[in-house]
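Novice: fold the following.
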Amino acid sequence: MADTDVSGQLNTAGMAFGDLVRLTGQAVASTQQELNKTAADTTSALSQTLVDVIAVQEVEYDDAGTVTGAQTFTQKLPLIDVVDPVLYEWKQVRLQGRFSASQFATTQSSDSYVHSNTDSHGQAGIGLIFGGGYNNFQYDSSQAHVDTRYRSESSVGLLRMNAILEPRHDIGVPRPRQAVVGPSISIDAGPITDVGGPPAESRTMEVVITYENVDGDPIPGKTLAVDSAGVAWEYVGGVDQTDGDGQLTILLTRTFVDETADRTPVDVVVSVRKGIVSESTTVTF
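Specialist: Next up is the predicted model:
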């Protein structure tokens, strides 16, 4: 029986794959080193180059919350504050290998057998019926046998490589500071009162809104837009404009439908707006 053996071919393939892994690792490391050097050079150049950038942007409002003007303040800053250097890195490098090797062997054997037999018989004389004559008999036989055997061994394979090179996203450009010059709104929680009961049939809270100009002086006679995130509210005393102190008071009301209603204090967001000026705060009652 013939023997097959592909171990030598597979060993050679294993060595080749090992070399491929080693060379790929060296290539990745060398490329990443060059990428880092390029990024460092780029960052250094951007850091040493100064440009005029907007450091602060100022917007002015009047007492009605309308924009009346805007101006920007520039200063010399490194270009790196404006332009992000692109820093590339190998996120992933994957190798997958399958290899092929094959071998075929065959053996053949044969044998034969030949047999021959000859028998002769002669007769002579005079007869009334057959007369005289001669007879000869011969027997031949042969046999052949052929035996063929074969054996094969094979291995197939495939090689794949995936690599991802992408920029980093952990560096950003800082936004300029925003400065607002104009009126301001403040919201303060007032007293809480349970009405009816016990248990209370409703609960109220007074909220005081103050409207002031840029110098901190009150702005009287202004109507403010109010929103209380679904909780009912009304002007206290029916006054819907700020008074001489720039204040406006509203009354928030929670109504409990029956004795089993949940009376646990809840958070309510109160938002107040005048033109483009707005403010929000959370009160609990």
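Novice: from here on, just use CA atoms for contacts and neighbour counts.
Specialist: Noted.
Novice: contact partners of stretch 247-267?
Specialist: Outside stretch 247-267, the residues that touch it by CA atoms under 8 Å, 6 or more residues apart in numbering are 199-211, 218, 220, 228, 231-236, 239-242, 282-285.
Novice: just the buried ones from the residues you listed?
Specialist: Listed as buried from the contacts of stretch 247-267 are 200-211, 218, 220, 228, 233, 240-242, 283, 285; burial here means 16 or more other CA atoms under 10 Å.
Novice: skipping its backbone neighbours, what lies nearest Val195 in space?
Specialist: Using CA to CA, 6 or more residues apart in numbering and skipping the chain neighbours, the partner closest in space to Val195 is Ser202 (5.2 Å).
Novice: contacting residues for the one you found?
Specialist: For Ser202, the contact set (CA under 8 Å, 6+ apart) comprises 194-196, 253-256.
Novice: please repeat the previous calculation with a cut-off of 6 Å.
Specialist: Applying CA atoms under 6 Å, 6 or more residues apart in numbering to Ser202 gives the contacts 195, 254-256.
Novice: which residues of this protein score low on pLDDT?
Specialist: By pLDDT under 70, the weakly predicted segments of the chain are 1-16, 97-159, 161, 167-180.
Novice: for the residue nearest to Val195, give the beta-bridge partners.
Specialist: Val195, Thr255 (DSSP bridges).
Novice: distance of it from Thr66?
Specialist: Remark: distance between Ser202 and Thr66 (CA to CA, to the nearest Å) = 39 Å.
Novice: quick check: buried residues in stretch 267-274?
Specialist: Buried residues in stretch 267-274, counted by 16+ other CA under 10 Å: 268, 270-274.
Novice: one more: stretch 252-262?
Specialist: Buried, per 16+ other CA under 10 Å, within stretch 252-262: 252-254.
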